[in-house]
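A.B. asks: based on what follows, work out the 3D shape:
(chains A, B and C)
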Amino acid sequence: MNENQYLLIKITVGVIATIGLYSVLYRETKVYRFFEHIFLGLAAGYTLVATWKDTLFNDWFVRMFGRAADAATGQEAQVGYWIYAALLPIGLMGYMVFNRKHNWMSKIPLGIILGLWSGQQIQIWWDTWGPQIYATMKPVIPTTFDSLTRPSTLEVVDGRLVPIPDAARLAEVNNLIAQNVYASQALSNLVFVLTFVSAFSYFIFSFDLKGRFLTGINTFGRWMLMIGFGAIFGSTVMARFALVIDRMSYIVNEWLQVLLRGGA
Amino acid sequence: MSGEQYLDSGWIGTAFTLLVVFFILFNIYRANKGAKNLFIRRIAGLNAIDDAIGRATEMGRPVLMVPGIGALDAISVQAINIFAQVTKTAATFATPVRICCANAPVFAVAQEVIRDVYQQAGQTDKFGAETVQFVSDQQFAFAAGVSGIIHREKVAATFLLGAFFAESLIFAETSNAVGAIQVAGSTQSTQTPFFIAACDYVLIGDEFYAASAYLTRQPVLVGSLVGQDWAKMTVAGLVLVGTLMGSIERGQAATMVRVDGENGCVWEQATPAEGQTGPVKKATKDTFMHQIFNPCIPKAWTEVEREDKPVEGAAAEGEGE
Amino acid sequence: MNLTQWLPLAQTTENFWRKMPGSTDLYIWLGVGLLLGFGILFLLSMVPSHLRRWVVVTFTFLAGLPYVLAYLWPKPIAMDVATQLPNPGEQVGFLINAAIDPVGKLTNILQGFLLGVGIFSLLRVHSMKIKRKAENYGFSMVLIVCFITMATVGFGDWTTRTFQDPQGLLNDPVNWGFFNRANDLLFEGIYQQMDAAMFSMIAFFILSAAFRAFRIRSVEATVMMASALILMLNLMGALTFVWGNAIDGLAAQTGNTFLLNFKLTEMANWLRSNMQIPAIRAIDFGVGLGALAMGLRLWLGLERGGVSA
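C.D. replies: Okay, the predicted model is just below:
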């Protein structure tokens, strides 16, 4: 079997598998069921291998046994830490989950994983949120009323929009922009801060929001959330269509091409 | 002694984290002492749980739950805690339950917790191998497997709570196709819009975390929720004050301006740009709040004298000192 | 004890904790480590039931402690690990920080060990179906066969590549053996394609979900879909191009550069940066706070559900 014939077989089975899974869009049939079980079986097998080679081998096995010096690659010997051997029994405690008498022991490795996660949360909390809290404090009062909107760095020359040609004047405009908050910017910033605070107040659970003002803020917050969600929805749609187009191109372009080449 | 992390963010980071921790622990303490006035507002999605189970019981079809596809962390534990409540109700009506996991440690926790629920309900015989199952820890293989289960078992209700990613819509739309009631909530704000578009009831953001406090009214959870609210109000207040202060300062004239460069942070005399009339206005970096969040560190503070590391081989001799 | 012996300075020298690869010493100590682990396992199995909760809580607490200490204890400033030694006052901080890396790896290692629990569940569900000759049990057989084949072939491929191919000859398909070829066919040929197929299916679902949402069930859904529409229009290249050119022309004609703000891209950007970002930040902050609170409760064993029940 030459390389082309192999490629033909490989892509053909890929196309069949793709169509098999797509069949669920019409109805869940035996065809889908067959390919679904193949997928699950392959995924389980792959996960097993990947976990060993990407995680356990490097992070556990090699650390435990060390690695001899390799003259070919010039790699120095790496010492082995024997204490890593003690992790195996601790990991095995997880399998006690199926044991009726000692099932509580499975909570030990699970507790360790959760403890590590929890400790990390405390460590990273401020690093994640501190800068964001600061970034929310935007200036909402204009510093100048010379112009309501930010001066433009563009200018009409010969009926076309171009950056201001006079370098000195461009620098002056840039300096003005850097030092001032214009009314239009202040308004945008106000929208920003109000959106944040109202959306944020929506997530306060332990106060009974009474009165028109507070319920008003709450409703406004929910609307702002919906606008934000809509923006996410809109931006994602196109990315998802790109995926279908990629699949179509795989079936039509690649498969047909190889089919023609394989037959030649 | 100061260290790198304190140079980065100053004292405010640690102080604020400790303050939040204090808020939470103090309110848990308060709730445990039996404080009566702790209130939680209504969360719409959670009231739907009983309806959904009732419908499943009527139809004699199972309830499907997915605790997201994330690793074992607070999110998946939280989802399992909510599922334990759902299962408790389902067990009393003998409605079958299917919990599909995408992570082995999450599966192990769910197995433990849900088995406990059945034991307490005195229905150990109803807890089978399929009640809690591990499907796959590969995102789309998991999606394919769970879709298959939704179709084949014609589930009457689905609970999708936890960290979901792109696969969220596959579950939501497939459940919709078989006519299931859906209660969903993702901590990933990027997936929430898809749930809103496709599901009947959606928990937004940390309504998800508030859920178990709402359902169980356990003092620890309610107290913690109140502590979180205190922290949120502090942050909202800080943002409003900071915004106002910064806004006023931006309009003021600056005599000194902050310069961050190779020599660390230094304050220099403010000089107007060429041709500028009027004083130099304060930039964001010159404001008070900026100094609080990004302390000005002169270079001298970051210079520490240290011994040189001993050369290879000499390290072994130094041992046992 | 000199704290610096813990540091990852000279990985090539031996001490109590680390031994030369392949040495008898290492194997003896590995045996000791294994015995130690099983000893702990044995001792734990005898813990009376009223203390069990505390054992779990203690392990959880100890696991989280290094991170919390690392956060509270000052980290050495601008230290070059390769050439400098920490001052006496900095040694504790440095030790904690040096511990973070191996401690962090623990999660991966334990998750790796626990994967078997999941695989066991999967195989149990399907082997029971086969045993009972339940409806569609043939598909369960397909699953188990695929699992065994993929695992065997995958390990075969990994072993040949890692241990028998120092020159990297296997990067060229011409030199492939059976395992490499089979792994390529199963993984690249089938598995990856199925993965992509499932991912791309979302596009169809997004259409049906959008269709239902557009049929407008509430004011909120309308607000959401209106904002979605602006973003979607913005991503349609041809439309933004035509609209943008029209605005450019208008601005040049009237000399009013403010009009430029009404380009689709500008409006979409404005919506994103002044509404999407703060709204999402508000949600994520709440979620982060919830995670911190829950982390705290889990770490201190205050949570009554989950593992510390």
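
A.B. asks: when you work out contacts or count neighbours from here on, use the C-alpha atoms and nothing else.
C.D. replies: Noted.

A.B. asks: which ones are touching residue B:175?
C.D. replies: Residue B:175 is in contact with B:150, B:151, B:155, B:157, B:158, B:181, B:182, counting by CA atoms under 8 Å, 6 or more residues apart in numbering or on different chains.

A.B. asks: wait, the last one sits on residue B:158?
C.D. replies: Yep, that's residue B:182 we're talking about. Yes - counting by CA atoms under 8 Å, residue B:158 is a contact partner of residue B:182 at 4.9 Å.

A.B. asks: returning to what we had before: mind listing which of the contacts of residue B:175 are in strands?
C.D. replies: If you go by DSSP state E, the contacts of residue B:175 have B:157, B:158, B:181, B:182 in strands.

A.B. asks: the bottom helix or strand of chain C by mean pLDDT?
C.D. replies: strand C:84-85 (a mean of 76; mean pLDDT, DSSP states H and E).

A.B. asks: show me what that strand is packed up against.
C.D. replies: Packing partners of strand C:84-85 (3 or more CA pairs under 8 Å, 6 or more residues apart in numbering or on different chains; DSSP states H and E): strand B:307-308.

A.B. asks: got a list of what the spatially closest residue to residue C:271 that is not a sequence neighbour touches?
C.D. replies: Spatial nearest neighbour of residue C:271, excluding adjacent residues (CA to CA, 6 or more residues apart in numbering or on different chains): residue A:231 at 7.6 Å. By CA under 8 Å, 6+ apart, residue A:231 lies in contact with C:224, C:227, C:228, C:230, C:231, C:271, C:272, C:276.

A.B. asks: quick check: the gap between the fifth one and residue C:240.
C.D. replies: Separation of residue C:231 from residue C:240 (CA to CA, to the nearest Å): 11 Å.

A.B. asks: now the residue nearest to the spatial centre of chain C: how far from chain B?
C.D. replies: Geometric centre of chain C, nearest residue: residue C:108, 9.5 Å, by CA atoms, centre = their mean. In this view, residue C:108 and chain B are 10 Å apart by CA to the nearest CA, to the nearest Å.

A.B. asks: Three-state assignment for that residue, please.
C.D. replies: Under DSSP: H, G, I helix; E, B strand; the rest coil, the three-state class of residue C:108 is helix.

A.B. asks: distance of it from residue C:59?
C.D. replies: Residue C:108 is 17 Å from residue C:59, by CA to CA.

A.B. asks: A strand includes residue B:100, no?
C.D. replies: Yes - applying three-state DSSP, one finds residue B:100 inside a strand.

A.B. asks: which residue packs closest to residue C:17, ignoring adjacent ones?
C.D. replies: Once flanking residues are discounted, residue C:17 sits nearest to residue A:81: 5.8 Å by CA to CA, 6+ apart.

A.B. asks: count the neighbours of the one you found for me.
C.D. replies: 26 (other CA atoms under 10 Å in any protein chain shown).

A.B. asks: how about the strands in chain C?
C.D. replies: Taking DSSP E as the criterion, chain C carries its strands at C:18-19, C:84-85.

A.B. asks: for the closest residue to residue C:294 other than its chain neighbours, list the residues it contacts.
C.D. replies: In space, and not counting its chain neighbours, residue C:294 is closest to residue B:74: 6.0 Å by CA to CA, 6+ apart. Residues near residue B:74 by CA under 8 Å, 6+ apart: A:114, A:118, C:291, C:294, C:295, C:298.

A.B. asks: and the two most separated of these?
C.D. replies: A:114 and C:291 (11.8 Å; CA to CA).

A.B. asks: okay, those two: which has more neighbours?
C.D. replies: The residue with more neighbours, out of residue A:114 and residue C:291, is residue A:114; 28 against 24, by other CA under 10 Å.

A.B. asks: state the pLDDT value of that one.
C.D. replies: Per-residue pLDDT puts residue A:114 at 93.

A.B. asks: quick check: it vs residue C:102, distance?
C.D. replies: In this view, residue A:114 and residue C:102 are 16 Å apart by CA to CA.

A.B. asks: please apply the same query to residue A:134.
C.D. replies: 33 Å.

A.B. asks: of the two, who's got more company?
C.D. replies: Taking neighbours as other CA under 10 Å, residue A:134 and residue C:102 compare with residue A:134 leading, 18 against 12.

A.B. asks: need the residues that contact stretch C:158-168.
C.D. replies: A:53, C:170.

A.B. asks: report the distance from that stretch to the chain centre.
C.D. replies: Between the centre of stretch C:158-168 and the centre of its chain there are 27 Å (CA atoms, centre = their mean, to the nearest Å).

A.B. asks: what comes up buried for that stretch?
C.D. replies: Within stretch C:158-168, the residues scored as buried using 16 or more other CA atoms under 10 Å in any protein chain shown are C:158, C:160, C:161.

A.B. asks: for stretch A:133-144, same thing?
C.D. replies: The neighbour-count check on stretch A:133-144 (16+ other CA under 10 Å) flags A:133, A:134, A:136, A:137, A:138, A:139, A:140, A:141, A:142, A:143 as buried.

A.B. asks: okay, the second one: pLDDT?
C.D. replies: Meaning residue A:134. pLDDT, residue A:134: 93.
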